[in-house]
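Colleague: here are the coordinates; sequence isn't available:
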C-alpha cells in the first residue's frame, strides 16, 4: 500500500539531494512530493470521488484531510515548478531548492509513518479476528 510510490519518491529525493543546479533540485523535490501524493491517493483509492478532473493536491486534501496542509503548500509551488520545467531556471535559488527538498522529505516521512501505522493496525485487527 503505497510502498512503490514511496520508493520512487525516495529515489527522486536522493537525486534532488545530490543535484548541483538549484532548478534541478527544485524539480526533483517537487517530483518526489507528487510521488508521495500518488502514494496517499493509492492508499485511499476507495475514497477517491469520481467525476470532474482535479489537481492532485486538491484530491489529496479531500481524500486525506490530515495531509491538507501539505497539499496546500505543494499546490502553491506548482506554478513555479511549471515555470522551472519550462526553462525559467533563474527564478529558483539554491536556498529555495534546498527548502523544497527538506519539505518534500518531511512530507514523505510523515506519509510513510502514517501508512506504516495503518498497516500495523490492519495486521493486528486481522490477527484478533
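Modeller: Yes, it's here. Here the structure is a predicted model, which means the values were calculated and not measured. Residues are numbered from 1 along each chain as shown.
Colleague: what's near enough to touch residue 30?
Modeller: Going by Cβ atoms under 8 Å, 6 or more residues apart in numbering, residue 30 touches 74, 77, 78, 81, 100, 104. To be clear about C-beta, it is placed using only N, CA and C from the backbone, and glycine gets the same treatment.
Colleague: Kindly recompute the last result at 6 Å.
Modeller: By Cβ atoms under 6 Å, 6 or more residues apart in numbering, residue 30 lies in contact with residue 81.
Colleague: what's the lowest-mean-pLDDT helix or strand in the chain packed up against?
Modeller: In the chain, the helix or strand scored least confidently by mean pLDDT, DSSP states H and E is helix 94-128, which has a mean of 86. In terms of contacts (3 or more Cβ pairs under 6 Å, 6 or more residues apart in numbering; DSSP states H and E), helix 94-128 is packed against helix 3-18, helix 22-43.
Colleague: buried stuff in it?
Modeller: 96-98, 100-101, 103-105, 107-108, 111-112, 114-115 (16 or more other Cβ atoms under 10 Å).
Colleague: for those residues, which one is nearest residue 21?
Modeller: Residue 21 lies nearest to residue 97 out of these, by Cβ to Cβ, at 8.3 Å.
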